[in-house]
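Peer 1: Need a 3D model of the following:
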Amino acid sequence: MKLLETAFVPRTTVQAPFKWSKGDAWKDLVFTEEQPFQTPEVEQRWNEKKELYKKLKTEGKL
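Peer 2: Numbers count the residues shown, from 1 in each chain. Presented below is the predicted three-dimensional model:
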C-alpha cells in the first residue's frame, strides 16, 4: 500500500485486509506464562532489547 504517496487529504485512513479471529480462543495462546510460540533465543533477544531501551531512557537518549 502506498498510502503516503496516494493520500490527498490529512487523516486519510485505509482499512487493512486482515480480519480478527472470532472469539477469544487466540488469547489463550498469546497471553500465557509459557508463550509456547516463543523460542528461548527470541525471548533472550527481546529481554536484551528491553534492557537497552530502559538504559537509553534513563540516560535521556529517548
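Peer 1: drop to CA atoms for contacts and neighbour counts, all remaining ones
Peer 2: Noted.
Peer 1: Report the contact partners of the residue of the chain most remote from its centre.
Peer 2: Distance from the centre of the chain peaks at Phe8, with 28.0 Å (Cα atoms, centre = their mean). Taking Cα atoms under 8 Å, 6 or more residues apart in numbering as the definition of contact, Phe8 has no neighbours.
Peer 1: so where's this protein shaky on pLDDT?
Peer 2: 1 (pLDDT under 70).
Peer 1: Helices of the protein, residue ranges please.
Peer 2: With DSSP state H, the ranges of helices along the chain come out as 3-6, 25-30, 40-58.
Peer 1: Now render those as TSV, adding mean neighbour count and distance to Gln15.
Peer 2: Shown next, in TSV, are the helices of the chain (neighbours: other Cα atoms under 10 Å; distance: least, Cα to Cα, whole Å):
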stretch	mean neighbour count	distance to Gln15
helix 3-6	8	11
helix 25-30	11	22
helix 40-58	12	30
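Peer 1: what's the closest of the ones you listed to Lys19?
Peer 2: Nearest to Lys19 among the helices of the chain is helix 25-30 (13.0 Å), distances taken as Cα to Cα.
Peer 1: any idea how far the residue nearest the centre of the chain is from Gly23?
Peer 2: The chain has Trp46 as the residue nearest its centroid, 11.8 Å off, counting by Cα atoms, centre = their mean. Separation of Trp46 from Gly23 (Cα to Cα, to the nearest Å) stands at 28 Å.
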